[in-house]
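*Asks:* Requesting a structural model of the entry that follows:
(one chain, ligands or ions: 1)
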Amino acid sequence: MKAYEYSFVIKRGDGTSEVIPVEFERSIRSKSIKITPQLQKKVIRVTYPVYVLHSRAVAFLEKQKNWVAKQLEKVPEKVEIKDGAKITFLEHEYTISNIPNARRGVWFEENYIFVSGDPEFLNRRVKDFLKVEMKKYFTEKTRFYAKKIGKKFNNVSVKDTVSRWGSCASNGNISYSWRLGFAPIFVIDYIVAHEVAHLEELNHSYKFWRVVKDIYSGDVDEAQKWLSRNGLSLYSVD
Ligand SMILES: [Zn+2]
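*Replies:* Sure, this is the predicted structure:
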C-alpha cells in the first residue's frame, strides 16, 4: 500500500475500512487554503497559495478534520461484484452466481447473473458484460429520443467517467457512463434526453432546456435531484 503524507480512514460496519488519501497542491490561482473532498474519486484535495507554507496547509487541514470526516460519511458502502453479491441493474435485482465449469460467458437468467469461468476473472467479466448491455440500451434510447426531434447521431459509446454522466460532441458522438445502469430508469431517460437535445443545441441555453422538456416526459428537477443526492452510490459498485 502506498504511504500518504496524510489520509483519512473510513471504517465500515462490517469491519472493513477504506483509506482516503489527501492530495496537497500549491496553486498560482489559489488565494486561500481550500479543502475539497472529491468523494467520487475518493480523494481529499487541499489547494493553497504559493506563498503559504506547506506546514500551514497541513495545520489548516488538521483543524478541519472533523468537518472532512463528516463529508466522508456520505461515501456509500462499496458493493463488490463477486459471487453471491446482489446488484440492482436497470431496476431489477440480480444475484451474481459463478458457475466455473459452464462455458457460456455471462448471462441473465431470471434474478441471476450467471458467470462461467475462473472466479478470479468474474469481476472484470461481469463489468464488461454490463457495459455491453448498457451500450445496447443507450443506443436504443438515443435512437428513440433523436427521432423525436428528427436528428441523427453518429456513435454511442459507454465510459467510466467520474465527472459526467454523458456528453455529446459536435460531430454527433454521444457517450454515457455505464454506471447509470444502477440508477432508476427515469434518471437514465433524463440523461439520454439531455444529450440528445445537445444534437440541436450545443449549449445549456433556454432553447436547449425547451428541447429537453419537449422530449422528456419525466420531471427534469426530480432527475437532477436524484443524481445530486444519489450519484455517488453509482460509483460504490466495484
Ligand atoms: Zn449538457
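*Asks:* top strand in this structure by residue count?
*Replies:* strand 17-27 (DSSP state E).
*Asks:* the inter-axis angle of the helix or strand just after that strand versus strand 17-27?
*Replies:* Sequence order places strand 34-38 as the next helix or strand after strand 17-27, per DSSP states H and E. Using axes from the mean of the first three to the mean of the last three CA atoms, to 10 degrees, the interaxial angle of strand 34-38 with respect to strand 17-27 works out to 140 degrees.
*Asks:* From the contact counts, what lies against strand 34-38?
*Replies:* Packed against strand 34-38, as judged by 3 or more CB pairs under 8 Å, 6 or more residues apart in numbering; DSSP states H and E, are the following elements: strand 43-49, helix 65-72. Yep, even glycine has a C-beta here, placed from its N, CA and C like the rest.
*Asks:* Give the residue farthest from the middle of this protein.
*Replies:* residue 51 (35.9 Å; CA atoms, centre = their mean).
*Asks:* measure it to residue 22 for me?
*Replies:* Remark: distance between residue 51 and residue 22 (CB to CB, to the nearest Å) = 21 Å.
*Asks:* who does the helix or strand hosting residue 93 pair up with?
*Replies:* Element membership of residue 93 [criterion: DSSP H and E] is strand 92-99. Applying DSSP bridges to the sheet, strand 92-99 is found paired with strand 86-89 (antiparallel), strand 112-116 (parallel).
*Asks:* List the buried residues of it.
*Replies:* For strand 92-99, the neighbour count (16 or more other CB atoms under 10 Å) marks 94, 96, 98 as buried.
*Asks:* Please export the C-alpha coordinates of the helix or strand following it as CSV.
*Replies:* Once strand 92-99 ends, the next helix or strand along the chain (criterion: DSSP H and E) is strand 106-109. Extracted as CSV, the C-alpha positions of strand 106-109 are listed here (Å, rounded to 0.1, in the frame of the first residue of the first chain):
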residue,chain,number,x,y,z
VAL,A,106,-22.0,-14.2,-18.7
TRP,A,107,-25.8,-14.3,-19.0
PHE,A,108,-29.0,-13.1,-17.3
GLU,A,109,-31.5,-15.7,-16.1
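*Asks:* Break this structure down into its structural domains.
*Replies:* Using automatic domain parsing, the domain parsing of the chain gives 7-72, 86-235.
*Asks:* Of those domains, which is nearest residue 79?
*Replies:* Ranking the domains of the chain by distance to residue 79, with CB to CB as the measure, places domain 86-235 first at 6.3 Å.
*Asks:* Chain neighbours aside, what residue packs nearest to residue 40?
*Replies:* In this structure, residue 40 finds its nearest non-sequential neighbour in residue 162, 4.5 Å apart by CB to CB, 6 or more residues apart in numbering.
*Asks:* meant to ask about residue 64, not that
*Replies:* residue 35 (5.7 Å).
*Asks:* Test my guess that the one you found contacts residue 45.
*Replies:* Yes: judged on CB atoms under 8 Å, residue 35 makes contact with residue 45 at a distance of 7.4 Å.
*Asks:* which of those two has more neighbours?
*Replies:* Legend: neighbour count by other CB atoms under 10 Å for residue 35 and residue 45, higher for residue 35 (18 against 15).
*Asks:* beta partners for that one?
*Replies:* Beta-bridge pairing of residue 35 under DSSP bridges involves residue 46.
*Asks:* I'd like the distance from it to residue 41, if you could.
*Replies:* 14 Å.
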